[in-house]
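*Asks:* coords please:
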Amino acid sequence: MALILNVRLLEGLDGKGERLLKATFRDNVQTSNAASGRDSVYFGQQFKWPVGRRIEITDVLEIRVYNFSKYLANKMIGSLTISLQQLVHESSLKLREQLIDANHSTMRATLDFEINYYSPDSQIGDWRQDEFDYPVPPMRPGAAGEDQEDNASRISFSDAQSLIKENRNMLALAQGDEAGSLMTGEDDASLGNAMR
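*Replies:* Sure thing, here's the model as predicted:
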């Protein structure tokens, strides 16, 4: 259902400055925030493209890297064109590729990134367990058994009485009956007999 590009690090640059990424998939261009650095730049950004139809072997992902300027036009440093043919069979690719300059020769600069693909029919790239951000505490051996008691879920009889009393008081206040909200000692005794 989505193509996800995680761009991490751009290394091997000359000079200091702000850099910018533009990623294109199926004529949809997404732009990163400007990131500054001297010889390397950490982007740490994610680009997502919703996918309505399966990726074909002719699909490509193009990444262009620019020197960012507030006042002048951004100057392209280099680019990458990645064939998504491998994603037809696998769900994830981790790559470290050299950029190509305007003369179609490789540069010293390398880009570290990862591409994940989740197909619309869920045949490729089913959700992996490691992509869930929340930790799930492991169960204790025998925790589901009937003979073990969970002390955290047990409350005392007096705690139960006070909770019921508070709930009745809040209900009476919500209904506007302040006089009926106070329980007498007889009500507490009858409540205790009913709970036993």
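
*Asks:* residue contacts, Leu95?
*Replies:* Contact partners of Leu95, counting by CB atoms under 8 Å, 6 or more residues apart in numbering, are Ile82, Asp112, Phe113, Glu114, Ile115. Bear in mind the C-beta positions are built from the backbone N, C-alpha and C, glycine included.

*Asks:* how does it look with 10 Å?
*Replies:* Contacts for Leu95 (CB atoms under 10 Å, 6 or more residues apart in numbering) come out as Leu80, Ile82, Gln86, Thr110, Leu111, Asp112, Phe113, Glu114, Ile115.

*Asks:* And it, how far from Gln86?
*Replies:* Leu95 is 10 Å from Gln86, where distance means CB to CB, to the nearest Å.

*Asks:* that older thread, among the contacts of Leu95, show me the least confident.
*Replies:* Ranked by pLDDT, these bottom out at Gln86, which scores 86.

*Asks:* Hmm, Leu61 and that residue touching each other?
*Replies:* No: the pair Gln86 / Leu61 is not scored as a contact, 11.4 Å apart, by CB atoms under 10 Å.

*Asks:* So for the helix or strand Lys22 falls within, mean pLDDT?
*Replies:* If you go by DSSP states H and E, Lys22 is part of strand 17-25. Taken as a whole, strand 17-25 carries a mean pLDDT of 91.

*Asks:* Tell me which other helices or strands it touches.
*Replies:* On a contact count with 3 or more CB pairs under 10 Å, 6 or more residues apart in numbering; DSSP states H and E, strand 17-25 meets strand 2-11, strand 28-31, strand 35-37, strand 40-50, strand 60-67, strand 75-83, strand 106-118.

*Asks:* can I get the CA coordinates of the last one in CSV?
*Replies:* Once side chains and other backbone atoms are set aside, the C-alpha atoms of strand 106-118 remain, and they are given as CSV (Å, rounded to 0.1, in the frame of the first residue of the first chain):
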residue,chain,number,x,y,z
THR,A,106,30.5,8.4,-10.3
MET,A,107,31.3,10.8,-7.5
ARG,A,108,33.0,10.3,-4.2
ALA,A,109,29.8,11.2,-2.3
THR,A,110,27.7,8.3,-1.2
LEU,A,111,24.1,8.1,0.0
ASP,A,112,22.9,5.7,2.7
PHE,A,113,19.2,4.8,2.5
GLU,A,114,16.5,2.1,2.8
ILE,A,115,13.5,1.4,0.6
ASN,A,116,10.5,-0.5,2.0
TYR,A,117,7.5,-1.7,-0.2
TYR,A,118,4.1,-2.8,1.0
